[in-house]
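**Q** what would the 3D arrangement of this be:
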Amino acid sequence: MEVIEKNTDTAWALFEALRLQQETGIEAAPPAGIAPPPAAHAPAAGVSLEDALLEVRRNNRVCPLPAIWKQVWDYLPNKASTLSAVPDTAAEWARLAPLQKRSRLREHLQWAADQGVLQQVFEALRKLPEDRWHHIGA
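**A** As a prediction, the model looks like this:
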């Protein structure tokens, strides 16, 4: 039997969820056919960097679209000169490969975690509709 992987990020997210389930012994999702309660989609207090990364990589996401990403960037406190900025020109956006954009977003999420605002950034990104994200292959 041959297996062809078509969606690396989603496959990796699924693998990570299964790995965490195995380590903790807690089922990550309700059994098939049972709808989760409405509060099940609300993140627990104290979102981890790993939780945020899983969310922003869902469905082959790369990063929010530039204007939205800029708002997230503007929210980050105490930005150091070493923190990569959001690509703010069309030329820079076009020049950066999707994985470079994703790497910058990861850097911004790490900064948010270090500054104690990851929960707020996570909530804002989690609420974005799918059409407000740049996706791999788009």
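**Q** now the strands for the protein?
**A** Ranges of strands in the chain, per DSSP state E, are 61-64, 133-135.
**Q** buried residues in the last one?
**A** Using 16 or more other Cβ atoms under 10 Å as the burial criterion, the residues of strand 133-135 that qualify are 133-134. C-beta: built from backbone N, CA, C; applies to glycine.
**Q** tell me the strands beside it, with direction?
**A** Using DSSP bridges, the neighbouring strands of strand 133-135 in the sheet come out as strand 61-64 (antiparallel).
**Q** which outside residues touch the partner strand?
**A** 9, 56, 69, 72, 98-99, 101-102, 104-105, 125, 128, 132-136 (Cβ atoms under 8 Å, 6 or more residues apart in numbering).
**Q** which phi and psi does Leu65 have?
**A** phi -60, psi 160 (degrees, to the nearest 10).
**Q** in this protein, which spans are helices?
**A** Along the chain, counting by DSSP state H, helices occupy 8-24, 49-57, 66-75, 90-95, 98-115, 118-126.
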